[in-house]
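Student: sequence first, then the predicted structure:
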Amino acid sequence: MSKDLSRIKAYGDTLNDGATQVSFTLPVPAGDEAREAARQMALKMGLEEPSITFMADLGAGFSFFVVYGKCKHTVDYSAIKIPKKQQEILSYYEINDLIKKELGRKVVVVAACTGSDAHTVGIDAIINMKGYMGEYGLERYPEIEAYNLGSQVPNADLLAKAVELNADAVLVSQVVTQKNIHLENLTELVELAEAEGLRDKVLLICGGPRISHELAIELGYEAGFGPGTLPNHVGSYIVAELVRRKKTEKS
Amino acid sequence: MSKDLSRIKAYGDTLNDGATQVSFTLPVPAGDEAREAARQMALKMGLEEPSITFMADLGAGFSFFVVYGKCKHTVDYSAIKIPKKQQEILSYYEINDLIKKELGRKVVVVAACTGSDAHTVGIDAIINMKGYMGEYGLERYPEIEAYNLGSQVPNADLLAKAVELNADAVLVSQVVTQKNIHLENLTELVELAEAEGLRDKVLLICGGPRISHELAIELGYEAGFGPGTLPNHVGSYIVAELVRRKKTEKS
Amino acid sequence: MEQKLNLDQQKVDLARATAAKIAEKLHSWIGDYTTTTTERAAARLLGIDGVDHESVPLPNVMVDKLQKEGILDRGLVPWLSMAVVARNQSPQGIAESLASGKLQVSEITALPEDKWMVVADSLAEEAAAKIRATRTKREEMKKKANPCGKPMLYVIVATGDVYEDAVQAKAAALQGADIVAVIRHTGQSLLDYVPYGPTAEGFGGTYATQENFRIVRKALDEAGEETGRYIQLVNYASGLCMPEISVMGAIERLDMMLNDAMYGILFRDINMKRTFIDQHFSRMINAYAGIIINTGEDNYLTTADAFEQGHTVLASQFINEQLGLRSGLKEEQMGLGHAFEIDPSMEDGLMLEIAQAQLCRELFPRSPLKYMPPTKHVTGDIFKTYLVNGMFNFVSILTGQEIQLLGMLTEAIHTPFISDRYLSIANAHYIFNNAKGLGADIMFKEGGRIQQRAEKLLNEACDMLQDIEKIGLETAMEKGYFADINRSIDGGKGSSGVLKKAPGYYNPFIKIFMNGLADMEGRLS
Amino acid sequence: MEQKLNLDQQKVDLARATAAKIAEKLHSWIGDYTTTTTERAAARLLGIDGVDHESVPLPNVMVDKLQKEGILDRGLVPWLSMAVVARNQSPQGIAESLASGKLQVSEITALPEDKWMVVADSLAEEAAAKIRATRTKREEMKKKANPCGKPMLYVIVATGDVYEDAVQAKAAALQGADIVAVIRHTGQSLLDYVPYGPTAEGFGGTYATQENFRIVRKALDEAGEETGRYIQLVNYASGLCMPEISVMGAIERLDMMLNDAMYGILFRDINMKRTFIDQHFSRMINAYAGIIINTGEDNYLTTADAFEQGHTVLASQFINEQLGLRSGLKEEQMGLGHAFEIDPSMEDGLMLEIAQAQLCRELFPRSPLKYMPPTKHVTGDIFKTYLVNGMFNFVSILTGQEIQLLGMLTEAIHTPFISDRYLSIANAHYIFNNAKGLGADIMFKEGGRIQQRAEKLLNEACDMLQDIEKIGLETAMEKGYFADINRSIDGGKGSSGVLKKAPGYYNPFIKIFMNGLADMEGRLS
Ligand code: B12
Ligand code: B12
Ligand SMILES: Cc1ncc(COP(=O)(O)O)c(C=O)c1O
Ligand SMILES: Cc1ncc(COP(=O)(O)O)c(C=O)c1O
């Protein structure tokens, strides 16, 4: 079994067998023709010898399929490079110490779940005292002043608060992603910040179940945090970045 | 909502949204790079905005992914034509009557599960007295003489028996499909039958969970039967075909 | 219903009596107030509909003008009736005249009660008759239809586009759903008006508009016809327009309404006073229309921990029940909410879920409990989620729940696709049928862990209710008793819509609805 | 173990006593016969291995020659020992000489017993010591390892390629599997020899060869090392080489062996006599090697209906138990098979599954029951199958099964993919943990449907056993008592390998194994 990392394929039980499972609905009633349509769809996706293992009529002219096949595509794994946040993850204590030592003042963060999004559990996990998975939230950090504005906060209000508090970082959570509403919301915030001349004065950080660091960067944020983020991950990032910036300013 | 049948796409909750679910394993350990490889794989399959909703490390250097995305492919449903068996499905009584009336002799069928395949439940469902889903098996038909040779029968033995009994039809079941062993087995039978000059004297019919009529035809069989087949489906086909052939001979 | 938990009936009675006291305390002031949406609801009941040239709904136009004029504290009905009498126009005519500027509020001259009240009452009676007719129609349709099994299968559609919703709702019904809810746009509950007309753009759901109600109602009636069943339609009352949406539902023959006494406060940061007042009239309407309400205790377990805060669900159910009774709802109309939200990785979590579900069942034996699926702890592993949903269905059939909101295998990913719903229905069909009579054959060990857990929950709920009774529900909410969420008494959105009733305040519907419901059988503590 | 079914102990005793009589009847003649594979197994025990220039395994070469010469009816050991004595060669040397033609069978001169029997016995004792050493090694490794939970997670790999199997087996172990079985090539059970060396091509599974056993054993030991656990390895004895494969397993430290007294007859159409004789020696080997056998009653429900034929599983388990005891197996070594195969669309099917599983548990309290997953009724709907597998896991934890063969969500599609196994393990982990103590908290209603079903099954099994006892097991199988399959007494493959023992027949292992097992604690009826 020799694996060529520049051409990896899906794996079922034999290297390079391409084994892949797919399911989808087609807007046609179940039947032999629908099954054939599903087969053709699978072929177009690059599944060889596709096998329609299940077809169900969904009523109202739709049918659902489960398909297995051998996907012919390969991916060059050896060429993949992922942009990573360039700092190590510090603990609660380390973060507070670092702030004291390197910044010598409290760090101010303002957070909200913006737009019409009311899913605060994620941002609360990062900010509130109680924290998440045993990690204290930023409110609990003696060296951080954290303000959690809650849910359904308009972007403009959030920025106004940041200005009022002279915040170091603005933390935005977006959970609802239907029709890419999160992208719209996040983009609007960046544009507003730029329009108000705030962009360089504050770290813009976003998070949510469909946010990745790459996406955040693409949208014009400093950083993005996805599922499984803990408060200290965010704290580490903010502090490291503030320290970095302070040093650059000096030099 | 206007549906263009010449360009149907997968459907999630909005016409032509292309919503598709995929899962596969890649031969690399879980991690950011693996996730990106999965994303690229999904892109190659034609999924736009692929979202890796789940990644699990499978140990031993493998990782498993669940992916959702918007499949860009379309299928021309309006152009699909399926070859269908050209006869209606008759009942137990109708089949027996037809044999009496049109053929005036008993129809002989020989059946087996061939090669190393020992899955007799399927062929038993078609042949044995008891039948399947409330439909009597062919053994029970007064006008049919059915011989069930059981499992793991070599192709040669099956054909020898067909010659011995002067069979009208040979019924082959193939259930194990790993590494396409069923295709090998089925092809061998056709070749043997041709070599022995039997090909025109007997109806070759195959069946099994991964057999379709189209596939059977491709392999050189008269007909193929897949999941859900009932004994009378097969009986109807055999009798109709024998009658058809008798008539062609006459004319 | 078989009693399996060996509950201390005195505790149960105490919990209920305490909740009654809590409700009474609220009712000592609720009646002194009205709200803008309550008055707009009255307007809608009287047939006022449509929007002005700026798309502002006419009920808002009129109520805003009355409020600006400072005379809304007598209620909308007196002024409207006076205008109707004075101008011999229909209520809709009056509203249109006000909107177009043909009529100014200041031009409506105050008439003595005997001049307008008969008109008001007869207009109201007419409106009430229509609602009764709709109710009767539902009952007749249900009678003709094949009876539906229990638990009833409840699914949601949430495409954001009402036309797509209608397709999906119909498909769901054809697949076997008994109940279809159309989820609302994420932002709607904070709108202080109800959008108008059909809508095709929403995020996370479709706007609740009267036209949208009609469109989906029609689709479901068609599916019902095709399948010989009656498919129930659900929408959401909660938010800044709770009473108005209830009116719309009553008119368009919705069958269930999400309607909770506290949800808006907790989960939408709506002002407490506003919410408590709104819920009262809103529920009267639902009660009269024969609509089943769905309360929102399940939500608590998305922000608070289901294992530790299980008793808060019970305490809230008792309060919702007592408040509901006071708005005329029968127990049979109370779809009290609870949920299967214990972390699936918890050892013996299933036992705990069974204990809680059985407990709810025994505490509210006449109410059609609405059981909510796992949401918080499910992940993008759709296979696992499908399985967890199956265990949820299992607990439901085992403990005899009534309204089963089906879990979606893609809960952690997107609002449901058509296939997700199909799979959820197939899941429920399998489990409900395969474990149909199991509950009847199974007992819980005397003093065993299930009974112990139930006892503990009941005790904790009872203690919590006694605490709340002492400090008052408002203070309790301020202290974060529910859902781990703290809300200040005067904070939240919509407080400007709260008005103390002035002498001479009149709303004929309160009388009609509450009297019409006097023959209710529901248990009043 | 808690008794929940209120079983009639007299019935249980009667069933067991009847099965004992059935087993005794077989044993009245089994001892008079030997088979080619039994003799080849003796050869393998004595260290004969390898193949000739035509790839025929040396045990076959030698046994075939003895059979052709008409002298196999005294057994292989006497002739081999005589040759060893005469030529002062090792058994392997003799076999090689025979294979190469350097030695002819006819050249082996008959010696009197006192000349060769000591040699035979000491060679045999040497071989037995090796097996004991392997057994001890397993016990020590198990002792050092973290104890594994119950039910134990048993998965299969079936790539057809031993190197790929090793990868998959290892991954499965890392994912949490406790037991890994390597499925065999579909055709192997009908081969009257055991293939030799590592193999990379098989359909539906990989050939059972000694080298293949070694390769996967090594992979699993590595995974065990990495995780601090002991991972059990399983293969299949059943077929025309049952005793030989058991020898291979005993040598290569397999931990379980599929080994049923009737499976070969029913599902591979192997001759009855052959099978009954083979199973006896095969089981002696397993017993001595400390290997747990897995019986195959689960298979009955793939050809017969699980609802109607549930009692046949029980009857067969009783027979397998009694035959096993007579080959020296302890109850603790009997992984009696049963299965969750009732059509999932059956109303209250789950209740029936619980009844059957609990019944097996109570009837065979000391045996590590092997519970087989849904197979027959699952479909290409992988979501549904995943859920059905979850309910199977649920019944298992509820009723305290020991060996859980995990169901694969693609059961109806292909032999398992690496991800299928991962998902199956995740499924079991979730259910076993989430419902861990539930069984201890749940009782079945006195005289309820579960108890009734169990009683009915026991009665039917008892009746069936009494019938069988009357007509004899052979006739019962001819009549299709098991699995709805009829097999004629003299039909089936492999009958030419059956030999009546001649006077002077000798196989030292029978004595060694059966005496070594005399201290067994197993229950003998
Ligand atoms: C809890 C919940 C609710 C609660 C919210 C309570 C509250 N106060 O937050 C209630 C019940 C009120 C609710 C309502 C609705 N919800 Co909701 N809800 C969920 C649910 C079950 C869990 C979300 C959650 O709390 N996750 C746990 C947290 C800890 O994870 P997280 O958000 O990913 O956060 C972590 C990271 O992402 C990161 N993070 C997140 N934000 C940020 C920000 C920063 C700056 C950083 C650094 C990190 C960070 O750190 C966190 C900790 O690790 C999800 C389904 C699911 N299982 O995901 C649906 C879900 C999010 N809801 C959904 C919808 C549509 C709604 C509703 C519109 C209707 C409905 N279907 O119920 C309403 C309207 C809400 C609105 N206006 O926004 C959809 C969204 C679909 C989509 N993809 O667009 C989901 C996916 C359910 C579904 N499948 O339909 N919901
Ligand atoms: C029952 C069963 C067994 C039984 C077979 C008993 C018997 N006497 O048949 C036992 C337990 C012995 C068995 C053993 C094995 N099995 Co098996 N078995 C199955 C199982 C669970 C069901 C098959 C079945 O009976 N289906 C019901 C019948 C009615 O359906 P059907 O065969 O499709 O037949 C219908 C139609 O297809 C059609 N039809 C079929 N044949 C014909 C022929 C004609 C002429 C016509 C007209 C119609 C027709 O009509 C029938 C009625 O509608 C499947 C999994 C599954 N759920 O499908 C695995 C399965 C088929 N087995 C499998 C394997 C690998 C094996 C084994 C190698 C090891 C193992 N994994 O257990 C052994 C070796 C068997 C061998 N040598 O062939 C694999 C095959 C993988 C593949 N695709 O290659 C499967 C898919 C399981 C899996 N996922 O690993 N098996
Ligand atoms: C009682 C109640 N009302 C309303 C909602 C949702 O309303 P909104 O449209 O505000 O998200 C819920 C949430 O599921 C609820 O439980
Ligand atoms: C007892 C027993 N032996 C053997 C097998 C399979 O053996 P074969 O390799 O003949 O398919 C099974 C099937 O699962 C079985 O239950």
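Tutor: Looks like it came in fine. Numbers count the residues shown, from 1 in each chain, chains lettered A, B, ... in the order given. Ligands and ions are numbered 1, 2, ... in the order given.

Student: contacts and neighbour counts: CA atoms only from here.
Tutor: Will do.

Student: gap between the helix ranked longest in chain A and the chain center?
Tutor: Longest helix of chain A, by residue count under DSSP state H: helix A:231-250. Relative to its parent chain, helix A:231-250 has a centroid offset of 20 Å by C-alpha atoms, centre = their mean, to the nearest Å.

Student: any residues touching it, and which ones?
Tutor: Outside helix A:231-250, the residues that touch it by C-alpha atoms under 8 Å, 6 or more residues apart in numbering or on different chains are A:85, A:87-92, A:95, A:98-99, A:102-103, A:125-127, A:131-132, A:135-138, A:169, A:203, A:225.

Student: tell me which of these fall in strands.
Tutor: Those of these mapping onto strands are A:Ala169, A:Leu203, A:Phe225, per DSSP state E.

Student: interface residues of chain C facing ligand 1?
Tutor: Neighbours of ligand 1 within chain C, by C-alpha under 6 Å from any ligand atom: C:183, C:186-187, C:204-205, C:267, C:299, C:302-303, C:375-379, C:410-415.

Student: list the contacts of A:Val153.
Tutor: A:Val153 makes contacts with A:Ala112, A:Cys113, A:Thr114, A:Gly115, A:Ser116, as judged by C-alpha under 8 Å, 6+ apart.

Student: low-confidence ranges in the stretch 101-250 of chain A?
Tutor: Scanning the stretch 101-250 of chain A for pLDDT under 70 picks out nothing.

Student: quick check: residues of it near chain C?
Tutor: Applying C-alpha under 8 Å from any C-alpha of the partner chain, we find that the stretch 101-250 of chain A lies next to chain C at A:Ser116, A:Asp117, A:Ala118, A:Val121, A:Ser151, A:Gln152, A:Val176, A:Thr177, A:Gln178, A:Lys179, A:Ile181.

Student: how near is the fourth one to C:Phe267?
Tutor: The gap separating A:Val121 from C:Phe267 is 11 Å, by C-alpha to C-alpha, to the nearest Å.

Student: next one: the longest helix along chain C to chain centre, how far?
Tutor: Once chain C is assigned using DSSP H, the helix that runs over the most residues is helix C:113-144. Here helix C:113-144 is found 21 Å from its chain centre; the criterion is C-alpha atoms, centre = their mean.

Student: just checking, what packs against the helix or strand just after it?
Tutor: Sequence-wise, the next helix or strand downstream of helix C:113-144 (DSSP states H and E) is strand C:152-157. Packing partners of strand C:152-157 (3 or more C-alpha pairs under 8 Å, 6 or more residues apart in numbering or on different chains; DSSP states H and E): helix C:162-175, strand C:179-182, strand C:403-405, helix C:418-434.

Student: swap the cut-off to 6 Å and go again
Tutor: Under the contact criterion of 3 or more C-alpha pairs under 6 Å, 6 or more residues apart in numbering or on different chains; DSSP states H and E, strand C:152-157 touches strand C:179-182, strand C:403-405.

Student: mind checking the backbone torsions on A:Glu88?
Tutor: phi -80, psi 160 (degrees, to the nearest 10).

Student: what's the burial count for the nearest residue to it once chain neighbours are set aside?
Tutor: Take A:Glu88 and drop its neighbours on the chain: the residue closest to it by C-alpha to C-alpha, 6 or more residues apart in numbering or on different chains is A:Ser236, 7.3 Å away. Neighbour count for A:Ser236, taken as other C-alpha atoms under 10 Å in any protein chain shown: 21.

Student: with the one 10 residues further on instead?
Tutor: Residues within reach of A:Lys246, counting by other C-alpha under 10 Å, total 13.

Student: list the buried residues in the longest helix of chain A.
Tutor: A:231-243 (16 or more other C-alpha atoms under 10 Å in any protein chain shown).

Student: can I get these in TSV including distance to A:Gly31?
Tutor: Putting the buried residues of helix A:231-250 into TSV (distance: C-alpha to C-alpha, whole Å) gives the following:
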residue	distance to A:Gly31
A:Pro231	52
A:Asn232	54
A:His233	52
A:Val234	52
A:Gly235	56
A:Ser236	57
A:Tyr237	55
A:Ile238	57
A:Val239	60
A:Ala240	60
A:Glu241	59
A:Leu242	62
A:Val243	64
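
Student: which of these sits closest to chain C?
Tutor: Chain C lies nearest to A:Pro231 out of the buried residues of helix A:231-250, by C-alpha to the nearest C-alpha, at 17.0 Å.

Student: before we move on, the earlier item: of the residues of the stretch 101-250 of chain A next to chain C, which is the most crowded?
Tutor: Most neighbours among these, by other C-alpha under 10 Å: A:Asp117, with 25 neighbours.

Student: quick one: contacts for the residue nearest to C:Ile293 when sequence neighbours are not counted?
Tutor: Spatial nearest neighbour of C:Ile293, excluding adjacent residues (C-alpha to C-alpha, 6+ apart): C:Met257 at 4.9 Å. By C-alpha atoms under 6 Å, 6 or more residues apart in numbering or on different chains, C:Met257 lies in contact with C:Val234, C:Asn235, C:Tyr236, C:Ala237, C:Ile293, C:Asn294.

Student: and those residues, which of them are in strands?
Tutor: Using DSSP E, the contacts of C:Met257 in strands are C:Val234, C:Asn235, C:Tyr236, C:Ile293, C:Asn294.

Student: what residues does chain A put near chain D?
Tutor: A:Gly12, A:Asp13, A:Thr53, A:Phe54 (C-alpha under 6 Å from any C-alpha of the partner chain).

Student: from chain D, how far off is the residue nearest to A:Glu88?
Tutor: Computed as C-alpha to the nearest C-alpha, to the nearest Å, the A:Ser236 to chain D distance reads 32 Å.

Student: kindly report the same for C:Ala171.
Tutor: Going from C:Ala171 to chain D by C-alpha to the nearest C-alpha gives 19 Å.

Student: for the residue of the stretch 51-200 of chain C at minimum distance from ligand 1, grab the count of nearby residues.
Tutor: Distance from ligand 1 to each residue of the stretch 51-200 of chain C (C-alpha to the nearest ligand atom) is smallest for C:Thr186, at 3.6 Å. Neighbourhood size, C:Thr186 [other C-alpha under 10 Å]: 20.
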